[in-house]
Structures are given as C-alpha cells and as structure tokens.
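>>> Show me the folded form of this:
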Amino acid sequence: MTDDESTLMQQVTLGSAEAYTALVRRHLPAIEVYARRMLTDSTVAEDVAQDVMVAMWERAASFNPEKARLTTWLHRIAHNRCIDIIRKDRPTTDADELEFVDESAGQSKLGDDVSVDIALKLLPESQRTALALTYYQSLPNKEVSAIMGISTRAVESLLCRARAALRQQIEAQQCP
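Down below sits the predicted model:
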C-alpha cells in the first residue's frame with residue numbers, strides 16, 4: 001500500500017468523506033471489472049462493487065495494512081460477495097441456457113469474445129476467480145492466493161487447469 005493510500009485509509013477511519021471519495025475513484029473501476037468477470041449480470045456486478053465501497057467505509061477501522069494491501073482487501077470483499085451470489089444462483093445456471101453467436105454472420109471478433117465469456121462462465125468458480133484476478137486484474141499470484149485464501153501453488157494449479165479447460169471449451173464451441 002502506498003503512503004498516500006495509508007494516509008487516506010487513516011482519514012477514512014476518522015470519517016473523511018474526501019479521502020473516501022479519492023479511494024473510491026481509485027479502486028471502484030477495478031472492483032467493477034472483477035465483479036463483471038465473476039458474475040453474469042452486469043447490474044448485479046455494479047451492485048457488488050458499490051457494496052464493496054460501502055464496506056470500505058464501514059469497516060475501515062478493521063483494515064490492517066500489515067496483513068494486506070488495500071487492493072487485496074477490497075478484492076477479497078468483492079470475491080466473497082461474488083461467491084455468495086454464484087452459490088445462491090447456481091441451481092438456475094445451465095450451460096444449455098447460454099446462447100452461442102453465429103460467427104458466419106460476420107461477427108468473428110464478437111463471437112470470439114462471446115465464446116471466451118461463455119467458456120469462463122462454465123468454469124468452476126475457483127478457476128474463474130483465479131483467472132479473473134490474474135489476467136483481468138493483473139494481480140500477482142501471491143495476492144491472488146491472499147484473496148482466495150489458498151496457497152500460491154494452489155493458485156498456479158487452478159490457473160493451469162483453467163487454461164486447459166478454457167482451451168477445450170473454446171475448441172468444442174468452434175468445432176460443431
């Protein structure tokens with residue numbers, strides 16, 4: 001955590017709205033991106049990101065910069081909220097309900113993006129989380145392990161399995 005973030009978090013603990021606003025502006029976009037990668041509904045993802053920012057305000061005093069960076073702490077809160085939503089909605093998620101894009105309609109790039117999104121949504125939540133944090137949030141494996149509450153080697157294993165599963169799912173979508 002930078003000295004600036006440390007100072008801002010101390011000010012948030014004391015009730016500074018200006019410090020809180022500065023931290024929200026700095027961290028909200030990354031939390032929204034992470035939540036959108038984890039969840040299928042962008043509106044729900046935005047709600048999760050907002051909830052995380054509220055939690056930062058409400059729980060600022062419980063933040064310990066000795067244990068984790070601020071971004072790690074915020075991603076952990078977002079991760080927990082996303083997992084709660086995924087688990088709650090799991091019975092309604094079915095691969096047969098997902099629509100596939102017809103790439104012959106001249107939408108190759110869009111089709112590729114949709115194929116990756118579909119493949120991501122079909123991954124187990126732990127693999128999807130590891131991928132989202134590593135590739136979309138550009139967090140190092142050490143931080144990903146702290147957010148997920150697992151070892152760095154377990155993160156590496158999840159990433160390996162996730163890449164293999166993605167490759168397999170995308171190839172299956174492209175070969176009817």
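
>>> residue ranges with poor pLDDT in this protein?
Low-confidence segments of the chain (pLDDT under 70): 1-2, 90-115, 176.

>>> how is it carved up into domains?
What automatic domain parsing lists as the domains of the chain is 1-93, 97-176.

>>> Dump those domains into JSON lines; add mean neighbour count as well.
C-beta coordinates here come from the backbone N, C-alpha and C atoms, glycine included. Below are the domains of the chain laid out as JSON lines (neighbours: other CB atoms under 10 Å):
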{"stretch": "domain 1-93", "mean neighbour count": "16"}
{"stretch": "domain 97-176", "mean neighbour count": "16"}
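
>>> How about the contacts made by the residue nearest the centre of the chain?
Centrality entry for the chain: nearest residue to the mean C-alpha point is residue 34, 2.8 Å, by CA atoms, centre = their mean. By CB atoms under 8 Å, 6 or more residues apart in numbering, the contact list for residue 34 reads 75, 78-79, 82, 132-133, 136-137.

>>> Okay, and which of those residues map to helices?
75, 78-79, 82 (DSSP state H).

>>> What is the nearest of those residues to residue 150?
Ranked by distance to residue 150 (CB to CB), the ones in helices among the contacts of residue 34 are led by residue 79 at 11.4 Å.

>>> Straight-line length of stretch 8-21, end to end?
By CA to CA, to the nearest Å, the extent of stretch 8-21 from end to end equals 10 Å.

>>> ok, now stretch 62-78?
16 Å.

>>> And the contacts of that stretch?
Against stretch 62-78 from outside (CB under 8 Å, 6+ apart): 1, 5-6, 9, 13, 23, 27, 30-31, 34-35, 38, 48-49, 52, 55-56, 133, 137, 139, 143, 146-147.
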